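Novice: Quick one: sequence and predicted model below, then my questions.
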Amino acid sequence: AALCGTAGIKPTYGLCSRRGVLPLSHSLDTVGPLAWTVEDCAIMLDALTGYDPTDASSANRPKPDLLSGLSGGVKGLRIGVIRHFHEADCPVSPGMAAGIASVVTTLESLGAIVEEVMLPSLHDFNAAGWMILAADAFVVHEPWLRTKFRDYGEFLRERLALAATISSADYLQAQRRRRELCDAMGRVMERCDLVLTAAAPGAARLITEMGKWASFQSPNFTIPFNLTGQPALTVCAGYGEGGLPVGVQLVGRPFDDATVLRAGHAYEQATSWRARRPAMAG
């Protein structure tokens, strides 16, 4: 969503059924929509939610109302900016930094209460998240890797082969650290309705710059919320280098997806980014 300039929501873990989806990580996978606007995402997500007894990860709880309060605005909402994620742990591009500043200013002008919050380093979230993701992915693909290794693309098969070196001790330590990181996030969310940070380090890079291990060269801004299971919405926050879009994340408490969507919709309605579309070749 961030790299394409669309809206996209990763809902709370367990809110949407994963039945029929090829898994990557059983403990992290989440199904959610990408669309042109937050309102479109809300409509799609409303159709996707609901308990599914055939999916062991599906949360057995009442279906949430994601639409009736969508236009309720952000006045009085407490929003924590995880500034050290995008300023110190993984400094973002000038275009992304400007986009974050624009989102903060806009939400404040709409009546939100914005403050800075501190969490463990983005690197800590990534270390635990990538360890769990890689080990889970290897479990899914191991039978095919043993018999059809060359049928995989080079990038994927070598990443999965690396995951084969992860020990049970490594995996369990990552899960232990995950619990600590979730607790730290929970303490922040006791005083914040939402938290905010970048969705990516900057605009999309050329495909020729995306080497085999490019995704491991800098921390990933979305993994923390895969790890915690919180709802995370990316909205277009403007355009950076080369006129390419940049995206900012708004993240809420587990199963409070409605507030995340409400804040994102308010931001979109107060800005003109949704009126700007890429030129199409004739």
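Specialist: Yep, that arrived.

Novice: could you measure Leu233 against Val31, distance?
Specialist: Distance, Leu233 to Val31, by CB to CB, to the nearest Å: 15 Å. Quick note: C-beta positions are derived from backbone N, CA and C, even for glycine.

Novice: which one of those two has more residues nearby?
Specialist: When Leu233 and Val31 are compared on other CB atoms under 10 Å, the one with more neighbours turns out to be Leu233, at 33 against 17.

Novice: for the protein, what spans make up the strands?
Specialist: Ranges of strands in the chain, per DSSP state E, are 7-10, 34-35, 78-81, 113-116, 194-198, 232-239, 245-252.

Novice: Which of those strands sits closest to Phe125?
Specialist: Closest of those to Phe125 is strand 194-198, at 10.9 Å (criterion: CB to CB).

Novice: Any buried residues in the helix or strand of the chain with the lowest mean pLDDT, and which?
Specialist: The helix or strand of the chain with the lowest confidence, counting by mean pLDDT, DSSP states H and E, is helix 154-163 at a mean of 89. Applying a neighbour-count criterion of 16 or more other CB atoms under 10 Å, the buried positions in helix 154-163 are 157, 159-160, 163.

Novice: helices or strands next to that helix in the packing?
Specialist: Other elements packing on helix 154-163 under the criterion 3 or more CB pairs under 8 Å, 6 or more residues apart in numbering; DSSP states H and E are helix 122-148.

Novice: If you count neighbours, what's buried in the helix it packs on?
Specialist: Within helix 122-148, the residues scored as buried using 16+ other CB under 10 Å are 122, 124-138, 140-141, 145.

Novice: where does this protein dip in pLDDT?
Specialist: Within the chain, the stretches with pLDDT under 70 are 213-216, 282.

Novice: hmm, try it at 90
Specialist: Within the chain, the stretches with pLDDT under 90 are 154-159, 161-162, 204-219, 240-243, 276-282.

Novice: Do a quick rundown of the helices in it.
Specialist: 38-48, 83-84, 94-109, 122-148, 154-163, 168-189, 223-228, 257-270 (DSSP state H).

Novice: residues in contact with the fifth one?
Specialist: Yep, that's helix 154-163 we're talking about. With CB atoms under 8 Å, 6 or more residues apart in numbering as the test, helix 154-163 has contacts from 134-135, 137-138, 141, 145, 149-150, 152, 212.

Novice: Taking helix 122-148 as reference, get the angle to it.
Specialist: Counting by axes from the mean of the first three to the mean of the last three CA atoms, to 10 degrees, helix 154-163 lies at 100 degrees to helix 122-148.

Novice: Can I get helix 154-163 as CSV, trimmed to CA atoms?
Specialist: C-alpha atoms of helix 154-163 as CSV (Å, rounded to 0.1, in the frame of the first residue of the first chain):
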residue,chain,number,x,y,z
GLU,A,154,16.0,-18.2,-6.9
PHE,A,155,15.2,-15.4,-4.3
LEU,A,156,12.6,-17.3,-2.5
ARG,A,157,14.3,-20.7,-2.4
GLU,A,158,17.5,-19.3,-1.0
ARG,A,159,15.7,-17.3,1.7
LEU,A,160,13.8,-20.4,2.7
ALA,A,161,17.0,-22.5,2.6
LEU,A,162,18.5,-20.0,5.1
ALA,A,163,15.5,-20.6,7.4
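
Novice: List the buried residues for stretch 258-275?
Specialist: Using 16+ other CB under 10 Å as the test for burial, stretch 258-275 gives 258-268, 271, 273-274.

Novice: Look up the closest residue to Val31, ignoring the ones flanking it.
Specialist: The shortest distance from Val31 to any non-neighbouring residue, by CB to CB, 6 or more residues apart in numbering, is to Cys16 (4.4 Å).
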